[in-house]
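J.: output the structure for:
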Amino acid sequence: QFLKRRCRQVTKIYEALEIVNQEQIQISNPAAITEQSPSLKIHMEEKMIDLYQKINSMIATSESKVIQFISSNESEGSSTIARQFAKSVALKQKKSVLLLDASCGQHGHASSLKLSVQHGWDESMYFGKPFQDACYQVGCTKLYYSQKVLKKDNHTRIFDPAKMEQFLESIKDEFDLILV
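T.: You can find the predicted model right below:
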């Protein structure tokens, strides 16, 4: 049942992405948008808001507003897209957004968001530590960030989907949207 529900959500998100991508320009390096071209940055923000509105309309009746951004290979830009999506929704739509970094060992979000991070959300999930200790607000915005696996010895821990679902269930009411 969990997988069926996730597959339906993925299909809806894929449909929303297809709608948005019909008129999207080609961008070879999404990370370059934020610094190099103000007009591309504005264009990307508009596309992210458009994507949010389409996704939101498709999952409006869903209890859980969790969206996962996945790429098949490293360096395809999914982390950059997730971060830009989170920023756009938090800043332009005034929604409380939690960006959960699930990357092992690569914590570009923290440096991009200018955060000094001490704890990871997996410490809450696996060891019952308070999530508030691993959740960092970005400035005075409604954007929050938490990353996975801070210590190298934690990389060998086997992922537990049931614990992840429990963890997301425990924090979902605190945010309008959770992005992984």
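J.: next secondary structure after the helix or strand bottoming out on mean pLDDT in the chain?
T.: Every helix and strand of the chain was ranked by mean pLDDT, DSSP states H and E. The lowest is helix 33-36, at a mean of 48. Next in sequence after helix 33-36, counting helices and strands by DSSP states H and E, comes helix 38-58.
J.: strand partners of the next helix or strand after that next one, parallel vs antiparallel please.
T.: Beyond helix 38-58 on the C-terminal side, the first helix or strand identified by DSSP H and E is strand 66-67. Using DSSP bridges, the strands paired with strand 66-67 are strand 177-179 (parallel).
J.: what lies in contact with the strand it pairs with?
T.: 64-69, 82, 85-86, 89, 95-100, 168, 171-172 (C-beta atoms under 8 Å, 6 or more residues apart in numbering). Where C-beta positions appear, they are placed from N, C-alpha and C, glycine not excepted.
J.: so where is this protein shaky, pLDDT-wise?
T.: 1-40, 64, 104-108, 149-158 (pLDDT under 70).
J.: can you give me the helices in it?
T.: 2-21, 33-36, 38-58, 78-92, 108-112, 121-127, 161-171 (DSSP state H).
J.: tilt between the fourth one and helix 38-58?
T.: Spelled out, that is helix 78-92. Orientation check (axes from the mean of the first three to the mean of the last three C-alpha atoms, to 10 degrees): helix 78-92 against helix 38-58 gives 80 degrees.
J.: now helix 78-92: buried residues?
T.: Using 16 or more other C-beta atoms under 10 Å as the test for burial, helix 78-92 gives 78-91.
J.: no further questions, thank you.
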